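Q: The following comprises the amino acid sequence and a computationally predicted model.
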Amino acid sequence: MAKKLLPRIEQLEEKKLIGQSLKMSLTYNKTTHLWRQFVPRIKEIQGRSSADKISMQIYPPLYYQEFNPNKDFEKWAAVEVLDLKNIPEGMKSFVLEGGLYAVFDYNGSSSDNSIFQYIFSEWLPPSAYVIDERPHFEVLGSGYKNNDPNSQEEIWIPIKQKSILD
């Protein structure tokens, strides 16, 4: 990654999501399979609040502090909706609680993980924040192109202020 990105810090409002999820690890990554199942069915979801897609990860407690690429987490392919009244068969809902996030506007291939190495090893340690135990997600908008070096996405990392104990 050529230039170092500085995030904007945002207070996220609660989001209602509908999508599909799979358990996986970084070693046994099933992201492509998940999205191939989900994308053809997006049109079944009523009441979308935007055209964006959401790629969300729900990590177990202490995932990053005790990092192991074989440790399972839950990965979601989802869209934001106005309400959770009509959930298509084979899909489920998730309410993403609000909270503080560091938002990185990333330009580059989704297969290049150096942005995450930068966030967790270079940006986060000297910052005023630590990881919060809430979902991480990426907003895949109109500029997103899978595995394209010119792709654009927003990376949302849940954070909280460092305390004296951190």
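A: Thanks, I have the structure now. Residues are numbered from 1 along each chain as shown.

Q: Check which helix or strand Tyr118 maps to.
A: In this structure, Tyr118 is located in helix 114-118 according to DSSP states H and E.

Q: Quick check: what element follows the longest helix anywhere in the chain along the chain?
A: For the chain, the helix reaching the highest residue count under DSSP state H is reported as helix 31-38. Downstream of helix 31-38, the first helix or strand assigned by DSSP H and E is strand 53-58.

Q: buried set for whatever helix or strand Leu100 lives in?
A: Following DSSP H and E, one finds Leu100 within strand 99-107. Of all the residues in strand 99-107, those buried under the rule 16 or more other CB atoms under 10 Å are 99-102, 104, 106. Every C-beta, even on glycine, is put in place using the N, C-alpha and C of the backbone.

Q: The one helix or strand in the chain whose mean pLDDT sits lowest packs against which elements?
A: Taking mean pLDDT, DSSP states H and E as the measure, the chain has helix 114-118 as its least confident helix or strand, at a mean of 91. For helix 114-118, not one helix or strand is in contact under the criterion 3 or more CB pairs under 8 Å, 6 or more residues apart in numbering; DSSP states H and E.

Q: for that helix, the distance to its chain's centre please.
A: On the basis of CA atoms, centre = their mean, to the nearest Å, helix 114-118 sits 14 Å off its chain's mean C-alpha point.

Q: Now do the buried residues in that helix.
A: 115, 118.

Q: And Ser93, how far from Met24?
A: 20 Å (CB to CB, to the nearest Å).

Q: How about Ser49?
A: 27 Å.

Q: Between the two, point out the one with more neighbours.
A: Counted by other CB atoms under 10 Å, Ser49 and Met24 do not tie: Met24 has more neighbours, with 17 against 13.

Q: List the residues that contact the more buried one.
A: Residues counted as contacts of Met24 (CB atoms under 8 Å, 6 or more residues apart in numbering) are 30-31, 34, 72-73, 75.

Q: List only buried entries from those.
A: If we count by 16+ other CB under 10 Å, these have these buried: 31, 34, 72-73, 75.

Q: between the residues you listed, which is nearest Trp156?
A: Minimum distance to Trp156 across the buried ones among the contacts of Met24 is 14.6 Å, recorded for Lys75 (CB to CB).

Q: tell me the angle of the host helix or strand of that closest one relative to strand 53-58?
A: Secondary structure assigned from DSSP H and E places Lys75 in strand 73-81. Relative orientation of strand 73-81 and strand 53-58, computed by axes from the mean of the first three to the mean of the last three CA atoms, to 10 degrees: 140 degrees.
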